[in-house]
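Asks: the following block contains a protein sequence and its predicted model.
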Amino acid sequence: MKPDFGYSINQSQKIDLDQTPKDVAAFVLRFEPSFAICIGCGTCMATCSAGHFTHFNLRMAQLMVMRGQIKKIHEDIEKCMLCGKCQMLCPRGVNTRNVVLAIHRFTHPLSRT
Amino acid sequence: MRERFIYDPFVLPFMAGFIYILIYLFAGIIKTVKELPYEDRKKLGKSIFSRKIFVSIKEIFIECLIHRKIWKRNPVLGYMHMSIAFGWFMLIILGHLEVQLYCPDRVKLPYFPIFFRYFMMETETTLKGSLLFFLMDFFLLMVLTGIGLAIYKRINSRLMGMRRTTKLKIGDSIAVYTLWAIFPLRLLAESFTSGISGGSFLTRGFGLVFESFVHNEALIRPMWWAYSIALGAFFFALPFSRFMHIPTEILLIVLRNAGIKSRKTNAGYGNIELYSCSRCGICIDACQMSSAAHLDRKTTVYFMRMLRDEKGNIEEAAQQCLMCGRCVDACPVGIDSCRLKQNVRRSGSFHSPQQYQYIPPAETIRTDVLYFAGCMSHVTPGIEKAMRTIFEKAGVNYRMMDEGGGICCGRPVMLLGQEESAAVLIRKNTDIILQSNAKLLVTSCPICFKVFNEEYDLPIPVMHHTQYIEQLLDTGKISVNHTGLSVVYHDPCDLGRNSGGIYQPPRQVLYQVAYVMGNPNEREKSLCCGASVGNAVLTNDQRRKIARDALEKLTEEHPDILVTACPLCKKTFAGAGTQQVEDIAQIVVKAMDQ
C-alpha cells in the first residue's frame, strides 16, 4: 500500500479557450454592455458584503464568464446580496448589479430571455 | 312650448354607444369586486353603508369634477380639466332638469335630455326658460373653452406648465378627436335649431350669424346626426382609451376611502389603479429619468399603458425605475405606481433555495442601542465615525450590529423582485436584533430604515439617525453650537416621501447648527440622487446625468455645504461635482467640537 502523505498531483488547470462555451459571455455582454469595460481591478471584491463571509468574488466571476465556466459561476453568483457597493466604487463605471443579474438570468434557464 | 317629436333615427348612434358603455362598466365593476379578496369586499360593503360614502362623494366632486390637485399644480391646466369635466357634468344635470320641468314623462328616455332642443319647441320667454337656456349656454361655452385649451395644449403644452405630454395611441386618438368634436357639433346643432327651439347668448347668437349666409333648417338634422355619431364613437372608444379613467377613478376613490390598499398582486385594486391612469403625463416631467436623462419613454405613464394593454416588455419597463416615488407624489389620481411596478418585478424574479445559507448564525451582541450602519455607510466611513462620536458623547450604551461589515438589510434584493431571497436576509438580521435585547435600533441609511420599519417584524422601535440625533438634542444628552454655515438639506427619497414623510427631524437638527436655505426641490418634491438601488438597468452615464442635474438644482443658492441624510446620496453627490457634501451626523459632530 502506498503511504498517503496528504499530497497529490494537482488536476490540470489548463483552459482551452477554443473549446470553452462563449454564450455566457455573449449573453452577459448583450444584457449589460458595460461589462466589456471591466479591467478586473478588484475594487468590487474589496468591498463585497458576501465576500466577507465566502470566497465569492466578482472579479473571479468576470474571469469565469469570459472562460465560460458556467457551473462554478452558478454556485458563486447566488451569494451576491445585490447591495450595490461594488457598483458605487467601480472606477470604470461598470453596472455590476446588472452583470450579476445577467449571470443569474443565464444560469437560471427558466428566466433566460 | 310644445313637443315636436319624441324619436328620430339620429339618436341610434348615441344609444348604441350608451348601452355598450353601460354594459361594459357594469361587467367591469362586477369583475373587479369579484377579484378583491374577501376582507376587502367586506370593507367595501361596510363603507358604502357608512359615513365614508359621503367622504367619497365629496372627494369625487373635488377631484373628478373640479380637479383640485391639478389646479394646485397649474391653474391653466386645472381650468382645462375642470371646464371639460364640470362643464359636461352640468350640461347633463341641467339637461335632465329641463326634461323634468317640461316633460317629466320623457325622463325614462335616455336620449331625451341629450337632444332636448331638437325634440322640444321651447322658448326663452319665461323666466324658467331663459335661465335654463342661459345656464346651458354658459356651461357649453365653458366646455368649449376647455376643449380649445386642450387643442392648444397639443401644440404648446408649456402654457400649462408641462414640458412633455404623453404620446397618443390609436384608441386614445379616436377618443380625443371625438371628444373634441362632440361639443362644437353640439353648438352647431343647437345653433341651427335655435330659430325653432330658442336659445341663449351663445346658441342664439351663432344661429343668427349662420342664418345670414346658410339655410339653417336644412342643416338641423345633419348636425344632430353628427353630434350623435360623435357621442356614440366616443363611448365605443372609451374602454380602449385613456378616458376610461373617468368612470374608473370614481370606483378607485370609493375603494380607497373604504380602506382598501394595493396588495402584492395587481388584480382587483391594482387593476382599478391601472385603468384610473388618465395618461395626463404629469409624471413625465416629475420623473428625473426623463427630465435629466431624457428617457421620456421609460416613465411611469408608458409603463402603465404597457401593463394595461399587456403589450411590450413589461418586465423591463417595471425594472427601469428609480423607485423614488416622485411620480406617485405628482399623480393627480393618487396611483401608487411604484407598488404596481414592484408587483411586476416580483412576478418575474427567481429565487434559489440555497441562496445566503453561507451567512453564519447570529452572534449575540448585548446592548441598549443597536446601531446598523448599513452597506452604504461602510463605503462612506465618515458617517459611521460621526455616529460613533455622537453615541460616545451622549454616553449611550451602544453596539454596532454590522461592525467590520455585516449583511445587507434586504431592500436592494427586494426592489429587484427577489422577495424570498430578501426574507432570508431579514430573518438573519432579525435574529441578531432579537438576541441583542436592545431597546432601540438606529440606522444611518434610509434604505435600511424603510425596510426595517415595513418588512421586519421587530418588537423595538427603529429610528433613523436624524430622528435619534434630534432626540439626543432635545433631551440635552448632546449639545451643539451654531456653526454659522449655510446649508441646503436634501431629503432622501426613502426617508421622506417613501417613509411617510420624515422631513422635520433633520431640519430641527440643522436649525441648531447652521443656516438652512430653502429649496424648491425639498420635502415631497425632493430629488433622487440617481444612484438608487431600485434600478439595475440604468447605465452609469445616465445615473451621472441625474446626479449632476439634481446637484445643480439643489445648489442654485450656493450653500457652503449640501447636507443629506443618506450615505448613498452623499457619495453620489460628492462624485457629481465640486460641492462639499456632508451627512447630517458629520455636521452635528462639527458643531459639537466647536
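Replies: Now that the structure is in, tell me what you want to look at.
Asks: which residue is the nearest non-sequential neighbour of B:Pro459?
Replies: Once flanking residues are discounted, B:Pro459 sits nearest to B:Leu434: 7.7 Å by CB to CB, 6 or more residues apart in numbering or on different chains. In short, each C-beta sits where N, CA and C put it, glycine included.
Asks: and B:Ser173, how far from B:Cys277?
Replies: Going from B:Ser173 to B:Cys277 by CB to CB, to the nearest Å gives 17 Å.
Asks: neighbour count for the two, which is higher?
Replies: B:Cys277 (27 against 13; other CB atoms under 10 Å in any protein chain shown).
Asks: so that one is in contact with B:Arg242, correct?
Replies: Yes - checked against CB atoms under 8 Å, the pair B:Cys277 and B:Arg242 is within contact range at 7.3 Å.
Asks: the residue nearest to B:Pro459 belongs to a helix?
Replies: Yes - under DSSP: H, G, I helix; E, B strand; the rest coil, B:Leu434 sits within a helix.
Asks: immediately after the helix or strand bottoming out on mean pLDDT in chain A, which helix or strand?
Replies: Lowest on mean pLDDT, DSSP states H and E among the helices and strands of chain A sits helix A:70-77, with a mean of 82. Where DSSP states H and E defines the elements, the next helix or strand beyond helix A:70-77 is helix A:85-89.
Asks: now what about the helix or strand following that following helix, what contacts it?
Replies: Downstream of helix A:85-89, the first helix or strand assigned by DSSP H and E is helix A:96-107. Outside of helix A:96-107, the residues within contact range by CB atoms under 8 Å, 6 or more residues apart in numbering or on different chains are A:23-24, A:27-28, A:31-32, A:34-35, A:38, A:44, A:58, A:61-62, A:65, A:70, A:73-74, A:77-78, A:80, A:82, A:84, A:86-87, A:90, A:111-113, B:350, B:412, B:416, B:533, B:536-537.
Asks: go on, stretch B:309-316?
Replies: Under CB under 8 Å, 6+ apart, the answer for stretch B:309-316 is B:Phe303, B:Met306, B:Leu307, B:Val344, B:Arg345, B:Gly348, B:Val537.
Asks: flag every buried residue along that stretch.
Replies: Across stretch B:309-316, burial judged by 16 or more other CB atoms under 10 Å in any protein chain shown covers B:Ile314, B:Glu315.
Asks: and for stretch B:485-499?
Replies: B:485, B:487-499.
Asks: ok, B:Thr389 - contacts?
Replies: Taking CB under 8 Å, 6+ apart as the criterion, B:Thr389 is in contact with B:Val589, B:Met592.
Asks: and the closest residue to B:Asn266 other than its chain neighbours, how close does it get to B:Val451?
Replies: If the residues on either side of it in the chain are set aside, B:Asn266 comes closest to B:Asn343, at 4.9 Å by CB to CB, 6+ apart. Per CB to CB, B:Asn343 is found 17 Å from B:Val451.
Asks: ok, now A:Ile9?
Replies: 50 Å.
Asks: most neighbours among the contacts of stretch B:309-316, which one?
Replies: The most crowded member of the contacts of stretch B:309-316, judged by other CB under 10 Å, is B:Phe303 (26 neighbours).
Asks: helix or strand for it, just tell me which one.
Replies: Using DSSP H and E, B:Phe303 falls in helix B:300-309.
Asks: what average pLDDT does that helix get?
Replies: For helix B:300-309, the mean pLDDT works out to 94.
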